[in-house]
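Trainee: this one's structure only:
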């Protein structure tokens, strides 16, 4: 192996190492645990005051929008379980498709003693948005499928 | 019509298998008649799938609510344009559309190579037919989790009306964004097929690259447009004032683009120096597999995304196909291993070859970083049992350094010499751009400091790199034009024309580089220096952002065929001078899947290179009544500097790409 080849291999190695370092450092700084509301309540103490993500449904009748303070408050409930977690989202508009029972994804800092997430990011997806789960046809899609 | 379409899909299974068999036999035994028959099979498949797609569109246009897919994505009062685009509104239809495109491109490959003297294109048609077969099987409805888009409702049922397409998708950029992405993705199949064909045929020279170059460039261009339209749609429709959020689906479209860009560069090394044969084959395979991976990510429901496609088993089929096709390529690579060695080696770390190599490293590295971030939830769940995810900030943070290096390379690559950089080359080519870059960086830093902004180091570096690249490339154009002008004794301007005319690929590429720099500048401004104000306002009240004052003057309500629009009117003043009005609103859709749905209809005002962007919070249906009775309207205003520069930069990239694609293929190519 000549010297040039060694140099090239070393250079590639340094680059790969640098990239890996970037990713590892980035992941360590930003990675946050992802929960269902049930799991979050069960692991509440572990993630007190930490940033987390929760995926659930918007609990019916909990949404309050204060237009003056620009503050959205609601609870996210588990799809299958009972747990509810309160969410506050301030100084930002709530996203479209935000409605009772709809899917919601919340990212923010969790306070275990108040069971509250101060959200930095909200995402919704309407259950009917692109595709209902298979087997769910137009009947649940809002259209009337009658026989005439 | 639906039955006819279904019959066409079933028949296409046979025409596709026929093509596959005949082509294989034909190229294997050099049987020209079999080859011709195989080509006809490809054309027949295209005709059949066109018929099936036509039957579905016919169903949309005639409001045939006995068809399941039509009921799900269309409705009586949906405007005609959106009835047609409903074709790719959901999974079944978009798979049919994807299939139609693969068959169209297959037919185009047959057509453009009809006079070719060798069998390279026929070899390439074999992997294409395999891809077609995969999609045909998906749309037949045979597999669990996806139904035939031409199915009727069970038991002869007819719906009174359809559910209608999601209102967020009923906007002009959604007419073009998905098909542009699909066309970009699917057309990548062609260069990939040529690569596989070349491997199978044992012709691993530059021929396959030559023949598929225009496909590759077209694919890259369309993908660029598609991604940009998606960002533009998000910006205008979603009301959060941004255009890119590292959403898994965005990443899924960005990764093939990065790999395609790497490939476009590395093939030049193969042509000039006969190196990197193996690498190019791997890159194009990766680019193709990543288009499927994107579908896997978006459709399998394994990752939370704003795009929220259905969770279905279809991801599994894609994953299976990805694995099988990758194994197939690996097998071929092993089979041809001895032909893949390059006679030439890299001579110096400071040379154009290594600049290209570094570019490839960075692009592939970025792809892997983005892939890692996107799949992080799966990785953590598999490894630790606890699902974790990385937010937008992760991507923003990790892409900076590779991104800046890539930016520098768009300027350094074109001016560094082949083989080895000499001190004289360095002085002649690099001195001016570096000096200008430093001056530009300092001036911008001073200007921003004077404006009261804190300037992070990467932002100054980005400005330095941008100026460096612009000066380097303009210098290239200037030097080349001057030489031409002198040689043919014309003006500098004519010299420039001749220069580009003579080498469209190279100078088109440089124009793309200029576009890239402009996009970087736009991203830096709009991501780094936007302002955001939120406030609840009553009629007559105002709010301020930057040096603009917005006063809520009035409310309005408009009725449209399938939605109504209610909003408010803002008088905009800059430093006390009137700038006209803006009308942000909420849209109320009567028919949107599950009952009513309201959407943000933001108002955007272009002020030179910057945007003023207003979005409204939830309002009752009758906005004027609400406002007149003293109701509060929640208003969110963004001041987005240089956001228009992003779109402008992409437009320049398009122009450059179009210039480059005009370059006539070298001999042997059609």
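Mentor: It's in. It should be emphasised that the depicted structure is a prediction, and the values quoted were computed from it without experimental measurement. Residues are numbered from 1 along each chain as shown, chains lettered A, B, ... in the order given.

Trainee: got the contact list for residue 69?
Mentor: Answering for chain A, as no chain was given. By CB atoms under 8 Å, 6 or more residues apart in numbering or on different chains, the contact list for residue A:69 reads A:90, B:536. Every C-beta, even on glycine, is put in place using the N, C-alpha and C of the backbone.

Trainee: wait, I meant chain B there
Mentor: Per CB under 8 Å, 6+ apart, neighbours of residue B:69: B:56, B:59, B:90, B:92, B:93, B:147, B:149, B:150, B:151.

Trainee: these two touch, right, the last one and residue B:139?
Mentor: Think residue B:151. No: if you go by CB atoms under 8 Å, residue B:151 and residue B:139 don't touch, sitting 10.4 Å apart.

Trainee: which residue ranges form the strands in chain A?
Mentor: A:32-35, A:51-58, A:64-66, A:71-77, A:84-90, A:103-111, A:116-125 (DSSP state E).

Trainee: tell me if residue B:638 really is in a helix.
Mentor: No: checked against DSSP: H, G, I helix; E, B strand; the rest coil, residue B:638 lies outside a helix; its state is strand.

Trainee: can you get me a residue count around it?
Mentor: 23 (other CB atoms under 10 Å in any protein chain shown).

Trainee: residue B:89 and chain A: what is the separation?
Mentor: According to CB to the nearest CB, to the nearest Å, residue B:89 stands 7 Å off from chain A.

Trainee: look up the closest residue to that residue, ignoring the ones flanking it.
Mentor: residue B:73 (3.8 Å; CB to CB, 6 or more residues apart in numbering or on different chains).

Trainee: ok, the one you found touching residue B:92?
Mentor: No: contact criterion CB under 8 Å: residue B:73 and residue B:92 do not qualify, at 9.4 Å.

Trainee: so the two - more neighbours on which side?
Mentor: More crowded of residue B:73 and residue B:92, by other CB under 10 Å: residue B:73, with 29 against 25.

Trainee: if we can go back for a sec, can I get the strands of chain A in CSV with mean neighbour count, mean pLDDT and distance to chain B?
Mentor: Listed next are the strands of chain A as CSV, based on neighbours: other CB atoms under 10 Å in any protein chain shown; pLDDT from 0 to 100; distance: least, CB to the nearest CB, whole Å:
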stretch, mean neighbour count, mean pLDDT, distance to chain B
strand A:32-35, 22, 91, 4
strand A:51-58, 22, 91, 5
strand A:64-66, 14, 88, 6
strand A:71-77, 22, 93, 9
strand A:84-90, 20, 93, 9
strand A:103-111, 21, 92, 5
strand A:116-125, 19, 89, 3
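
Trainee: JSON lines for these, including distance to residue A:41?
Mentor: Listed next are the strands of chain A as JSON lines, based on distance: least, CB to CB, whole Å:
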{"stretch": "strand A:32-35", "distance to residue A:41": "9"}
{"stretch": "strand A:51-58", "distance to residue A:41": "10"}
{"stretch": "strand A:64-66", "distance to residue A:41": "21"}
{"stretch": "strand A:71-77", "distance to residue A:41": "11"}
{"stretch": "strand A:84-90", "distance to residue A:41": "7"}
{"stretch": "strand A:103-111", "distance to residue A:41": "10"}
{"stretch": "strand A:116-125", "distance to residue A:41": "12"}
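
Trainee: what is the spatially most central residue of chain A paired to in the beta sheet?
Mentor: Nearest residue to the geometric centre of chain A (CA atoms, centre = their mean): residue A:105, 3.5 Å. With DSSP bridges applied, residue A:105 shows beta-bridge pairing to residue A:55, residue A:123.

Trainee: so who does it touch?
Mentor: A:53, A:54, A:55, A:121, A:122, A:123, A:124, A:125, B:304.

Trainee: repeat for residue B:233
Mentor: Contacts for residue B:233 (CB under 8 Å, 6+ apart) come out as B:171, B:173, B:174, B:177.

Trainee: list the contacts for the third one?
Mentor: Right, residue B:174. Taking CB under 8 Å, 6+ apart as the test, what residue B:174 contacts is B:85, B:168, B:233.

Trainee: cool, the first one as well?
Mentor: Residues near residue B:171 by CB under 8 Å, 6+ apart: B:233, B:236, B:237.

Trainee: and those as CSV, adding pLDDT?
Mentor: Listed next are those as CSV, based on pLDDT from 0 to 100:
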residue, pLDDT
B:233, 87
B:236, 87
B:237, 83
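
Trainee: residue B:133 and residue B:12: what is the separation?
Mentor: Distance of residue B:133 to residue B:12, computed by CB to CB, to the nearest Å: 9 Å.

Trainee: between the two, point out the one with more neighbours.
Mentor: Counting neighbours by other CB under 10 Å for residue B:133 and for residue B:12 shows that residue B:12 has the greater number, 29 against 19.

Trainee: how close does that one sit to chain A?
Mentor: 23 Å.

Trainee: can you give me the domain assignment for chain A?
Mentor: A:1-31, A:33-125 (automatic domain parsing).

Trainee: can I get those in JSON lines with distance to residue B:631?
Mentor: What follows is the domains of chain A, written out as JSON lines (distance: least, CB to CB, whole Å):
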{"stretch": "domain A:1-31", "distance to residue B:631": "40"}
{"stretch": "domain A:33-125", "distance to residue B:631": "8"}
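
Trainee: how about low-confidence regions in the stretch 451-600 of chain B?
Mentor: B:591-596 (pLDDT under 70).

Trainee: same thing but at 90, please
Mentor: B:451-457, B:486-495, B:498, B:501-502, B:527-528, B:546-547, B:559-564, B:575-576, B:587-600 (pLDDT under 90).

Trainee: show residues contacting stretch B:89-97.
Mentor: A:130-131, B:49, B:52-53, B:56, B:69, B:72-74, B:86-88, B:135, B:138-139, B:146-149, B:165-166, B:169, B:178-179, B:182, B:299, B:309-310, B:312, B:314.

Trainee: mind listing what's buried in it?
Mentor: B:89, B:90, B:91, B:92, B:93, B:94, B:95, B:96, B:97 (16 or more other CB atoms under 10 Å in any protein chain shown).

Trainee: pretty sure residue B:635 contacts residue B:585?
Mentor: No: counting by CB under 8 Å, residue B:635 sits too far from residue B:585 to count as a contact (11.8 Å).

Trainee: residue ranges for the strands of chain B, please.
Mentor: B:388-389, B:531-537, B:542-545, B:548-559, B:563-574, B:577-582, B:585-589, B:597-601, B:603-607, B:610-616, B:633-640.

Trainee: one step back: distance of the residue nearest to residue B:89 from residue B:324?
Mentor: 31 Å.

Trainee: beta partners of the residue lying closest to residue B:580 once chain neighbours are set aside?
Mentor: Closest residue to residue B:580 apart from its sequence neighbours, by CB to CB, 6+ apart: residue B:572 at 6.1 Å. Following DSSP bridges, residue B:572 is listed with bridge partners residue B:550.
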